[in-house]
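Undergrad: Task: produce atomic coordinates for the following.
(chains A and B)
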Amino acid sequence: MPTAVAFTKRASQLLGSVTFWRGTVAIVAFILIWEIASRTGLSRVPAPSGVVLTFNDLMRDPSYWFSWYLSVRRVFTGFIAAMLLGIPLGLGMAVSRTFYGISFPVFEVLRPIPPLAWVPAAIIFWPTQELSIMFVTFLGAFYTVVINVIGGAQTIDVRYFQAARSMGSSGWDIFRRIILPATIPSIVVGATVGIGIAWAVVVAAEMISGGGSAGSMGGAKGGGLGFFIWNSYVGGSYTQIVVGMISIGIAGYISSALLRKMGEMVTPWLRDQ
Amino acid sequence: MTLAPMPQPVGGEGHAALERAGTGSSAELEVLKVSKSYGTAKFEKTVIRDCSFTIDEGKLTVMIGPSGCGKSTLIRLLAGFERPTSGAITMRGKPVTEPGRDRLVLFQESALFPWMTTYDNIMFGPRARAERGSEPRSRAQFLLDKVGLGAFRRKYPTQLSGGMQRRAELARAMINEPSVMILDEPFRGLDAMTKKLMQEYYANLYEETRRTTFFVTTDIDEAIFLADRILVMTNAPAKVRSVVDVTLPRPRRLEDLIESDDANVTKMHVLSLLHEEAMKSFAHGSKAAADFLDAYSKRIRNPS
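TA: Take a look at the predicted model:
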């Protein structure tokens, strides 16, 4: 099987590389220092050994996984909405000078407002708490996506347009075969950065609003990884706080990796140059 | 094809028109007293002033001039990307007002669409005009093979070498059957070996198709190797300083440039014209250029 061969080859390359071992040693050293600092009382952060034990327990706890599910759902709903609205808006602003003149000033006034400043307004204006968290998450990704799409579409080499027009292309054909593909790499960058911001925002929004009326993490309204951390803090379970933090790190990493992979699939011309 | 009445040359600025009358070939593209300025009325910069010449059917016309003399501006006007401030450019008698497939430009650096494979790049024109059926596809395949990229049809431009990119771009233009090919220093930036190969390849291609060509360069050897006629430009604002006919027989070989006396005399002549123009642009002249010319003229007189 060629993929198995390729995998073995990659694995052996990885194990032979200095960079890989340097990174591994650094992580191990970091965990060791952390463990020692906690045990000697230098640091009040719970020791990694304790965190691992708690993590092991939580793996079998459905309410922990439900927090994952809630946060992931919010991030992806907000993110997909940001892409669906942001890409056409950005392209529209890049293509039409009139539309740019009308919408860009409004956009630029709203953009500096941090998504978290929207939390109270969102709670008031949206019918459910779930929708208000999704809305704030949407905002987090939205501005980055739009800015990247505008930037990408406005910096297309003028010779591409000249060449295309000379060969008889115009209007929709230029949009579909020049502007759109030329902007895809910027869309991918905007999406990768945007989903990172969406994670940062969702956690904070859950901490502020997510507790809501429900005290427990399972089943009821609110919840999510942000609330999981907050709840652990209120409950005094410090190892759970750390587990929650690491969970968000893992979730963010997986989302970005997923988007990068999808980005590579839609930009085959940027591969192995 | 009927020719419009010959415009009367004014002052000393009618070389091209006079020249055409002499050789009897017909003009495909005609540039008549064209000027191009940029900026506001107060801070106006004139890049081209009162420039006239013709690009004759089936001929390879090379334009050579000091760098920054407005050659690229002229190309944008010929292609229809910009309009002249005054004067007229006509294509077979009709004024040029917009880009069109009858005049295709090969830019200085590759303008292949990076997101399309070689094949899709070549098919761009036919698809833009919604030409359907197997005919455009077989033409694209024919051209791919002709430029030696048959094995690279599924590769993206960044996976091709510089010379391959140039050839892919030639194929992308040729599939549209342009009446005139306009090339703006197409082989600049290629390494010396590839450049020579591309020059030979292009000379062969031209000799085979005899497609009307306008070729801009700063390389005197390239100019003499390829040209039927060389337009020597003045320094900015640009206009035609003089027209030099190159009578070397075709098919040509790069060795002709060294071996043929004709080629050397032409080169000497064009170099001295270029040198004068270059001198004007340096306040105190260039001693190095003068020394070079001096040495060169001695070499011509005493070949041994």
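Undergrad: OK, contacts around the residue nearest the centre of chain B?
TA: Closest to where the C-alpha atoms of chain B average out (CA atoms, centre = their mean) is B:Phe215, at 1.1 Å. The contact partners of B:Phe215, taken as CB atoms under 8 Å, 6 or more residues apart in numbering or on different chains, are B:60-63, B:183, B:186, B:223, B:226-227. (C-beta placed from N, C-alpha, C; glycine too.)
Undergrad: Now it. Its backbone dihedrals?
TA: Dihedral pair for B:Phe215: phi -120, psi 120, per degrees, to the nearest 10.
Undergrad: Show me the beta-bridge partners of it.
TA: Judged by DSSP bridges, the bridge partners of B:Phe215 are B:Val62, B:Leu183.
Undergrad: What pLDDT is listed against it?
TA: Per-residue confidence (pLDDT) for B:Phe215: 95.
Undergrad: pLDDT below threshold where in chain A?
TA: Where chain A drops to pLDDT under 70, the residues are A:1-3, A:210-222, A:272-273.
Undergrad: Report the residue ranges of every domain in it.
TA: Chain A breaks down by automatic domain parsing into domains covering A:1-45, A:48-268.
Undergrad: Tell me where the stretch 1-150 of chain B has helices.
TA: Along the stretch 1-150 of chain B, counting by DSSP state H, counting those that start in this stretch, helices occupy B:15-23, B:71-79, B:118-122, B:124-128, B:134-146.
Undergrad: How many residues are close by residue 157?
TA: Just going to use chain A. When counting by other CB atoms under 10 Å in any protein chain shown, one arrives at 15 neighbours for A:Asp157.
Undergrad: The intended chain is chain B.
TA: 22.
Undergrad: ok, now which ones touch it?
TA: B:Pro157 touches A:269, B:110, B:112-114, B:116, B:118, B:121, B:165, B:168, counting by CB under 8 Å, 6+ apart.
Undergrad: Any chance of a markdown table for those residues, columns neighbour count?
TA: Listed next are the contacts of B:Pro157 as a markdown table, based on neighbours: other CB atoms under 10 Å in any protein chain shown:
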| residue | neighbour count |
| --- | --- |
| A:Trp269 | 18 |
| B:Ser110 | 20 |
| B:Leu112 | 26 |
| B:Phe113 | 22 |
| B:Pro114 | 19 |
| B:Met116 | 19 |
| B:Thr118 | 29 |
| B:Asn121 | 25 |
| B:Gln165 | 21 |
| B:Ala168 | 27 |
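Undergrad: Kindly reformat those as JSON lines containing distance to A:Tyr64.
TA: Below are those laid out as JSON lines (distance: CB to CB, whole Å):
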{"residue": "A:Trp269", "distance to A:Tyr64": "42"}
{"residue": "B:Ser110", "distance to A:Tyr64": "54"}
{"residue": "B:Leu112", "distance to A:Tyr64": "52"}
{"residue": "B:Phe113", "distance to A:Tyr64": "49"}
{"residue": "B:Pro114", "distance to A:Tyr64": "46"}
{"residue": "B:Met116", "distance to A:Tyr64": "48"}
{"residue": "B:Thr118", "distance to A:Tyr64": "52"}
{"residue": "B:Asn121", "distance to A:Tyr64": "52"}
{"residue": "B:Gln165", "distance to A:Tyr64": "55"}
{"residue": "B:Ala168", "distance to A:Tyr64": "56"}
